[in-house]
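J.: pasted the sequence and its predicted model underneath.
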Amino acid sequence: MTVDGKLIEKSETQEVTNSFKKREFVVEYAENPQYPEFLKFELIQTNCQQLDAFNIGDEMTISFNLKGRKWTDRSGEVKYFNSLQAWRLEKKAGSAPASGAPDTPPPPSDDWMKEDFSSDEDLPF
């Protein structure tokens, strides 16, 4: 999937565990300019560095996967989470792709989900 938008916020890379890192950013998506949407994406692992090539206000094309998870909390309540996991960022207006952008989507990797989160009180991400 792809979407075009304007970068309005970007965070620093977070080390979630020793083997998993992520970085979040928000774009303004204006399919209908009268009612813009604000979409939060995440980059994971080595893709986090792609955001370094962008500044607030840059127009960009985001290639991403829609992810969904089921999680059962300590009380047994089942919860569902969605995320927009970006894997390629490109500058708009014919600019070259940001450095480090892969040409094809990475293979799905949910290795971090195999970690034992039973001792954590927060969500597993």
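T.: Alright, I've got the coordinates.
J.: which helix or strand in this protein has the lowest average pLDDT?
T.: Ranked by mean pLDDT, DSSP states H and E, the weakest helix or strand in the chain is strand 14-17, scoring a mean of 92.
J.: separation between the residue most central in space within the chain and residue 63?
T.: By CA atoms, centre = their mean, the chain has its centre lying nearest to residue 42, at 1.4 Å. Distance from residue 42 to residue 63, counting by CB to CB, to the nearest Å: 13 Å. For glycine as for every other residue, the C-beta is placed from the backbone atoms N, C-alpha and C.
J.: quick check: neighbours shared by these two?
T.: Applying CB atoms under 8 Å, 6 or more residues apart in numbering, one finds that residue 42 and residue 63 are jointly contacted by residue 86.
J.: isn't the residue nearest to the centre of the chain up against residue 83?
T.: Yes - using CB atoms under 8 Å, residue 42 is in contact with residue 83, at 5.8 Å.
J.: so residue 49 sits in a strand?
T.: No - assigned with DSSP: H, G, I helix; E, B strand; the rest coil, residue 49 falls outside any strand and is helix.
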